[in-house]
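S.K.: Pasting the sequence and the predicted coordinates here, then a few questions.
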Amino acid sequence: MVLANNWFTEASKESGVAFSLHLHDKVHEEKTPYQTIAVYKTQTFGYLMTIDGLVMLTSRDNFLYHEMLSHPAIFSHPAPKHVLIIGGGDCGTLRECLRHRELVSVEQVEIDERVTRLAERYFPELTEANDDPRASLHFVDGIRWIEEATEARYDLIIVDSTDPVGPAKGLFTEAFYRHCQRCLGEQGILVQQSESPLLHLSLIAQMRAAMTAAGFSFVRTLQFPQPVYPSGWWSATLAGKGNELTSCREQALQQCTFPLQYYNVDIHHASFALPNFVRQYFAQQTTKED
């Protein structure tokens, strides 16, 4: 992180890229038992939240991430009722899930309560569904939660985590995915943010391999733009138990009455169409494993 001349810059030395936002000022900063959280008012992207100097979200473009992490998986499940979100302290993914009236319960497990409390203050549009009677917020360790959860408890598990460092590192392991697989029902789906296809392709391939090794029958990766994340190109990876992840409930999606800024039927199908270099890389990794 670099702050100079009212510009916030996140530089990724290993990939040789950086992203900057022009600031008005810093409005909050605190160190919690887990991390350092800061909030800035930007010139053109609304509020910016960072954790340990890395961009987490902005007011202007968070809808891309939250819609694509939640709706494709929900509409891919034939009859979702019970959802678990691990991470997601800003509550944007929780809000998107709760737009689906067919969901009976959405549990969110976030290790750092301060992320949520600051989101309530600076991103109230994301936390507007927190009082929904179907929502339950738990401020505990998500890895321990999934280890202790009962079998087949959820239809969908969404891992809305930070990068695979620090407290989030354990959310990208085969052991964690095995517990998720156990806790999902027969048609259950796991979806997790999986970084940039341009900069982190090896990580995505490792995640896919670990999900398969953990017992998931089907794995697919989708892509979407995310301007404030490294390269501006992001992804999420889905793993299904008995769900082939090749179709969605199109009629329900076309008839949904809640607002969607990015996601629609065409985006659903197009997002799973991966570029040739990504397909070739995944195929090479599979060949090496064989």
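M.R.: Now that the structure is in, tell me what you want to look at.
S.K.: hey, what's the closest residue to Pro230 other than its chain neighbours bridged with?
M.R.: Leaving aside its sequence neighbours, Pro230 sits nearest to Ser12 (Cβ to Cβ, 6 or more residues apart in numbering; 5.0 Å). C-beta: built from backbone N, CA, C; applies to glycine. Counting by DSSP bridges, Ser12 is bridged to Val17.
S.K.: measure Ser12 to Arg60 for me?
M.R.: Per Cβ to Cβ, to the nearest Å, Ser12 is found 21 Å from Arg60.
S.K.: who's in contact with the residue nearest to Pro230?
M.R.: Counting by Cβ atoms under 8 Å, 6 or more residues apart in numbering, Ser12 touches 18, 199, 230.
S.K.: Which of those residues sits closest to Thr237?
M.R.: Leu199 (15.2 Å; Cβ to Cβ).
S.K.: can I get the CA coordinates of stretch 108-125 in CSV?
M.R.: Extracted C-alpha coordinates of stretch 108-125, given in CSV (Å, rounded to 0.1, in the frame of the first residue of the first chain):
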residue,chain,number,x,y,z
GLN,A,108,-22.9,-16.0,7.8
VAL,A,109,-19.7,-16.9,9.7
GLU,A,110,-17.2,-14.0,9.8
ILE,A,111,-14.2,-14.1,12.1
ASP,A,112,-13.9,-10.4,12.6
GLU,A,113,-17.0,-8.6,13.8
ARG,A,114,-15.5,-5.2,13.2
VAL,A,115,-15.7,-5.7,9.4
THR,A,116,-19.4,-5.9,9.7
ARG,A,117,-19.8,-3.1,12.1
LEU,A,118,-17.8,-0.8,9.9
ALA,A,119,-19.8,-1.9,6.9
GLU,A,120,-23.0,-1.0,8.8
ARG,A,121,-21.5,2.5,9.2
TYR,A,122,-19.9,3.2,5.8
PHE,A,123,-21.7,0.7,3.4
PRO,A,124,-25.3,0.6,4.9
GLU,A,125,-26.7,-0.4,1.5
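S.K.: Can you spell out the domain ranges of this structure, please?
M.R.: 2-58, 62-278 (automatic domain parsing).
S.K.: Could you find the closest non-adjacent residue to His100?
M.R.: Among residues not flanking His100 along the chain, Ile74 sits closest, at 5.8 Å (Cβ to Cβ, 6+ apart).
S.K.: And the host helix or strand of that neighbour, what does it pack against?
M.R.: Per DSSP states H and E: Ile74 is located in helix 62-76. On a contact count with 3 or more Cβ pairs under 8 Å, 6 or more residues apart in numbering; DSSP states H and E, helix 62-76 meets helix 92-98, strand 154-160, strand 184-193, strand 218-225, strand 233-240, helix 250-255, helix 265-271.
S.K.: Quick check: mean pLDDT of that helix?
M.R.: Averaged across helix 62-76, the pLDDT comes to 98.
S.K.: List the buried residues for that helix?
M.R.: Buried residues in helix 62-76, counted by 16 or more other Cβ atoms under 10 Å: 62-76.
S.K.: cool, and stretch 120-136?
M.R.: Per 16+ other Cβ under 10 Å, stretch 120-136 contains these buried residues: 122-123, 126-127, 129-130, 134-135.
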